Each structure stands twice: as structure tokens, then as C-alpha cells.
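Visitor: Whatever this is, show me its structure:
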Amino acid sequence: MKILLLGKNGQVGWELQRALAPLGEVVALDRHADNGLCGDLGNLQGLAATIDLLQPDVIVNAAAHTAVDKAESEPELARTINALASGVLAQAANRCGAWLIHYSTDYVFDGGGDKPWQETDATGPLGVYGATKLEGEQLIQQSGCRHIILRTSWVYAARGNNFAKTMLRLGQERDSLNVIDDQIGSPTGAELLADVTAHIIRTAQQRPEVSGLYHLVAKGETSWHSYAAFVLDFARAAGIGIKAAPDAILPIPTSAFPTPAKRPHNSRLATDKLEKTFNLTLPPWQTGVTRMLTEILSK
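Guide: Just a heads-up that it's a prediction; the model follows:
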């Protein structure tokens with residue numbers, strides 16, 4: 001099996017290089033040209049030509065314009081990368097008979113209510129990022145290619161920057177922290193996304209009827225405030241000097257921290273469809289976060 005991986009150096013792409021390796025030959029690209037191959041989602045012609053040349057069995061697109069606030073000021077670039085490139089990948093996948101694995105987001109919803117979003121729920125993105133990711137989903141679905149679209153949220157990894165690392169740094173520097181408590185979701189590790197993706201690809205090769213849209217997040221839910229408290233409690237227990245006392249981690253509303261792009265209050269995603277279709281049991285979010293914290297605190 002030949003797998004083309006795009007976005008190899010992102011949080012999810014980095015883990016995918018490891019998780020996909022046992023499945024076959026992995027051609028991993030980032031946005032910089034590599035031996036004449038194009039992995040730049042801003043270069044639509046180059047993307048199409050690369051897929052036509054490689055003739056992969058599976059295309060895994062882990063690249064995206066994920067700077068949510070920046071997308072508000074550069075909507076054309078966000079649309080090219082998140083939407084138009086997805087359409088080009090889907091059309092090229094169709095030409096060579098490849099599967100397309102693509103990652104999307106809870107930002108396609110309006111963030112209302114307090115129930116986990118189902119795959120069949122009406123969408124209503126609040127900003128450019130969500131709108132362009134939704135258009136990308138639609139272009140893939142309209143192409144007729146065999147595809148798996150995985151909506152996820154609150155993604156983190158031990159590699160690179162993430163919310164937990166920021167809280168650890170600030171917790172050691174400051175006497176108190178203000179953290180948003182009215183946005184609810186499930187911290188989901190890039191490691192989990194990569195491992196589930198590999199499992200899905202193996203299944204899809206045998207069962208083409210699984211083509212479709214799925215939600216993939218770790219089990220359970222939390223607020224950013226409770227997530228921060230979990231991280232700092234873990235660090236204290238591990239002997240890390242945290243200046244901010246537990247009662248100095250203060251909850252604040254989203255309205256107290258305005259940003260160019262609106263954030264959804266409800267980022268819960270229901271995973272029943274994915275678990276049933278692929279015979280999986282997703283772990284609670286605390287499992288992955290504990291693993292990540294153990295790794296970064298041991299360095």
C-alpha cells in the first residue's frame with residue numbers, strides 16, 4: 001500500500017508518520033517541495049500533479065489553515081487551503097481510485113446547546129475557519145471519491161506548543177491564572193487521532209461501505225478551566241513548583257477574553273457512529289493528557 005501524507009510536520013502529521021509506517025510505503029510531505037513533489041495546499045495544480053504522479057492507494061490530509069483568528073483577516077488563503085485544496089485532493093483521489101482521509105473540526109457547528117453534536121446535526125459555522133472547513137467537507141462529499149472525514153476538536157500533542165504547556169509555564173510564573181470556563185470539549189491527543197486513523201485505513205481497505213463522515217474525540221468532557229486545573233494538579237503531584245495555588249485558578253467567561261474569531265461554547269462531539277462502525281472504544285481524555293504530561297515533565 002502506498003500512502004501519501006500531507007502536513008507531515010504538524011501535530012497530527014508527526015504522529016501519523018509513526019502510525020502509518022506499518023501499513024506500507026509512506027510518502028510524507030510538508031508545504032516545501034520535496035524531489036519535485038508538492039505538498040503545499042496553496043498550490044492546487046502542484047497538488048493534483050503530485051497525486052497523479054504518485055498514484056497512491058490512500059491520501060491522508062493532515063494539513064490545514066488552523067490559525068482561527070488569522071483566518072478572519074485572510075479568508076481567501078484560508079478558503080484555498082481548507083476548502084479548494086480539499087476539493088482538488090478529492091478529485092485526484094477519484095482519478096486514481098485512492099481513499100482520502102481528511103480531518104475537520106467542531107467549528108463547523110455554531111457551538112450552541114449542551115449536547116454532543118451528531119454527524120447529522122445542522123451545521124452553522126461562526127467564522128471563516130469553520131466555514132472553510134465545512135466547504136472542504138462538502139467538496140469531498142460531492143466528488144464521489146471514497147473518503148473518511150474525521151471531525152475532531154481540542155487537539156494537542158507532546159511535540160510543539162499546546163494549552164497544557166502554556167498552563168504549566170504560566171502556573172510556574174504567576175500567582176493566579178484566569179481561564180475560560182464556559183467552553184466545553186474533550187482534549188484529544190494527536191497520538192490517538194493517528195492510531196485510530198491507521199485502524200480506519202486497514203478497515204476501509206476491506207470494507208469500502210464505511211466511506212463517510214465521523215466524529216473522533218476522546219471520551220468525556222471538560223472546560224478549559226477544569227483542564228487547566230487538571231494539568232496543574234498533576235504537575236504539583238509530580239513535584240513541579242507551581243506558584244498559582246489551586247484556588248487561584250480563576251474561572252472567567254469567554255466574553256472576558258475577546259478574539260477576532262468567535263469560539264464555540266459547545267465543542268462536544270458524539271463518537272457513537274465511529275466506535276460502532278470501526279469496533280473501537282475511545283479512551284477518556286484524562287488518559288491521553290496524563291500520558292502527554294508524563295512525557296513532557298520527564299524531560
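Visitor: Give me the pLDDT for residue 160.
Guide: Note for residue 160: predicted pLDDT of 84.
Visitor: Measure how buried it is and give me the count.
Guide: When neighbours are counted by other Cβ atoms under 10 Å, residue 160 registers 12. For glycine as for every other residue, the C-beta is placed from the backbone atoms N, C-alpha and C.
Visitor: Residue 11 is in contact with that one, correct?
Guide: Yes: between residue 160 and residue 11 a contact is recorded at 5.7 Å, counting by Cβ atoms under 8 Å.
Visitor: how close does residue 253 get to residue 216?
Guide: 29 Å (Cβ to Cβ, to the nearest Å).
Visitor: So which of those two has more stuff around it?
Guide: Neighbour count, other Cβ under 10 Å: between residue 253 and residue 216, residue 216 has more, with 26 against 11.
Visitor: mind checking the SS state of the closest residue to the more buried one other than its chain neighbours?
Guide: With Cβ to Cβ, 6 or more residues apart in numbering as the criterion, residue 216 has its nearest non-adjacent residue at 4.6 Å, and that residue is residue 150. Using DSSP: H, G, I helix; E, B strand; the rest coil, the structure places residue 150 in strand.
Visitor: residues in contact with residue 150?
Guide: Shown in contact with residue 150 (Cβ atoms under 8 Å, 6 or more residues apart in numbering): 101, 102, 103, 104, 193, 196, 197, 200, 214, 215, 216, 274.
Visitor: Mind listing what's buried along stretch 219-239?
Guide: For stretch 219-239, burial by neighbour count (16 or more other Cβ atoms under 10 Å) applies to 221-225, 227-232, 234-235.
Visitor: Strands of the stretch 1-150 of the chain, start to end?
Guide: 2-6, 25-29, 58-61, 99-105, 147-152 (DSSP state E, counting those that start in this stretch).
Visitor: Could you do the stretch 151-299 of the chain as well?
Guide: Under the criterion DSSP E, counting those that start in this stretch, the stretch 151-299 of the chain contains strands at 155-156, 177-180, 184-185, 188-189, 212-215, 222-223, 249-252.
Visitor: Quickly compare those strands and say which is most buried.
Guide: strand 188-189 (a mean of 24; mean count of other Cβ atoms under 10 Å).
Visitor: Which strands or helices does that one pack on?
Guide: With contacts taken as 3 or more Cβ pairs under 8 Å, 6 or more residues apart in numbering; DSSP states H and E, strand 188-189 sits against strand 155-156, helix 285-297.
Visitor: most tightly surrounded among those?
Guide: In terms of average neighbour count - mean count of other Cβ under 10 Å - the standout among the helices and strands packed on strand 188-189 is strand 155-156, at a mean of 20.
Visitor: which residues in the stretch 101-250 of the chain form helices?
Guide: For the stretch 101-250 of the chain, the helices defined by DSSP state H, counting those that start in this stretch cover 128-143, 163-173, 190-206, 224-237.
Visitor: just so I know, which of those helices lies nearest residue 18?
Guide: Taking Cβ to Cβ, helix 190-206 is the member of these nearest to residue 18, at 6.8 Å.
Visitor: Show residues contacting the closest one.
Guide: Contacts of helix 190-206 (Cβ under 8 Å, 6+ apart): 1, 3, 11-12, 14-16, 18-20, 22-23, 57-58, 60, 99, 101, 103, 146, 148, 150, 152, 155-159, 210-211, 216, 218, 274, 278, 280, 282-283, 288, 291.
Visitor: Please apply the same query to stretch 263-279.
Guide: Defining contact as Cβ under 8 Å, 6+ apart, one finds that stretch 263-279 is touched by 68, 106-107, 109-119, 126, 150-154, 182-186, 196, 199-200, 203, 210, 214-217, 219, 221, 254, 280-282.
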